[in-house]
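**Student:** sequence-free structure coming up:
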């Protein structure tokens, strides 16, 4: 096995059991683990419902502000998580986003990695003109168990297809199926580069880096298989 693949395989073995409950892709977990081990003293969350993946106290060397690591396929939206939780962010944080491409059926490769500091006023502008009340109204429809899954999807889609949701940069994403009724949010690929990383290029990089340290180039990972709703 290649040395870089060994690195990521070892990281996977060290992931805590709680990871099995997180609905994220394995390469995203490995990217996050690499960030923690390389820059944040091997920090491990106490639980996965905590406010920040990496809190400010675990980041003494890069601003002592909380860190939000994300990974997504190059050119696709960046999943940000729970919409209400993200809306309520009122402090400066680091957003570290790794973009990848599928180069073979079992191999993904990093194409572009960006680290941006997000101030509260900028974050609020990405949500404008959505209010907390707007999100709570939509969330109530999503979680209304008196509605069938199909009816809940239709009503949620009708709400998000109108203002104020259509006017905001951040997109809301109702997740409604047999196992979940959640309101998540995302940031489109082009919007990330135009609003948060405007000084950077979105094209693939020859050697993606975080704080001057190259991200391991590749690791074994098959395309994610999505279960039908």
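**Tutor:** Arrived safely. In this text, all values refer to a predicted model and were calculated from it rather than measured experimentally. Residues are numbered from 1 along each chain as shown.
**Student:** burial count for residue 85?
**Tutor:** 14 (other C-beta atoms under 10 Å). Where you see a C-beta, it was placed from the backbone N, CA and C, and this is true even at glycine.
**Student:** what's the first helix or strand after whatever helix or strand residue 34 lives in?
**Tutor:** Using DSSP states H and E, residue 34 falls within helix 26-39. Per DSSP H and E, the first helix or strand lying C-terminal to helix 26-39 is strand 67-73.
**Student:** hmm, back to that, show me which positions of the helix holding residue 34 end up buried.
**Tutor:** For helix 26-39, the neighbour count (16 or more other C-beta atoms under 10 Å) marks 26-37, 39 as buried.
**Student:** report pLDDT for residue 131.
**Tutor:** pLDDT, residue 131: 98.
**Student:** what's the per-residue pLDDT of the spatially closest residue to it that is not a sequence neighbour here?
**Tutor:** Distances taken as C-beta to C-beta, 6 or more residues apart in numbering put residue 164 closest to residue 131, at 7.3 Å, once the chain neighbours are dropped. What the model reports for residue 164 is a pLDDT of 98.
**Student:** residue 164 touches residue 130, doesn't it?
**Tutor:** Yes. Using C-beta atoms under 8 Å, residue 164 makes contact with residue 130 at a distance of 4.9 Å.
**Student:** higher neighbour count, the two?
**Tutor:** Between residue 164 and residue 130, counted using other C-beta under 10 Å, residue 130 has the larger neighbour count: 22 against 14.
**Student:** spit out the contact partners of the more buried one.
**Tutor:** By C-beta atoms under 8 Å, 6 or more residues apart in numbering, the contact list for residue 130 reads 87, 164-165, 168, 170, 172.
**Student:** let's see that with 7 Å instead.
**Tutor:** 164-165, 168 (C-beta atoms under 7 Å, 6 or more residues apart in numbering).
**Student:** tell me where the chain has helices.
**Tutor:** Ranges of helices within the chain are 3-14, 26-39, 83-87, 120-127, 132-142, 149-160, 189-191, based on DSSP state H.
**Student:** now the ones you listed as TSV including distance to residue 47?
**Tutor:** Listed next are the helices of the chain as TSV, based on distance: least, C-beta to C-beta, whole Å:
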stretch	distance to residue 47
helix 3-14	17
helix 26-39	15
helix 83-87	14
helix 120-127	24
helix 132-142	22
helix 149-160	28
helix 189-191	30
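**Student:** select, out of these, the one closest to residue 209.
**Tutor:** With C-beta to C-beta as the measure, helix 26-39 is the member of these nearest residue 209 (11.0 Å).
**Student:** what's the angle from that closest one to strand 67-73?
**Tutor:** Helix 26-39 runs at 140 degrees relative to strand 67-73, counting by axes from the mean of the first three to the mean of the last three C-alpha atoms, to 10 degrees.
**Student:** what is helix 26-39 packed up against?
**Tutor:** Applying 3 or more C-beta pairs under 7 Å, 6 or more residues apart in numbering; DSSP states H and E, we find helix 26-39 packed against helix 3-14, strand 67-73, strand 93-104.
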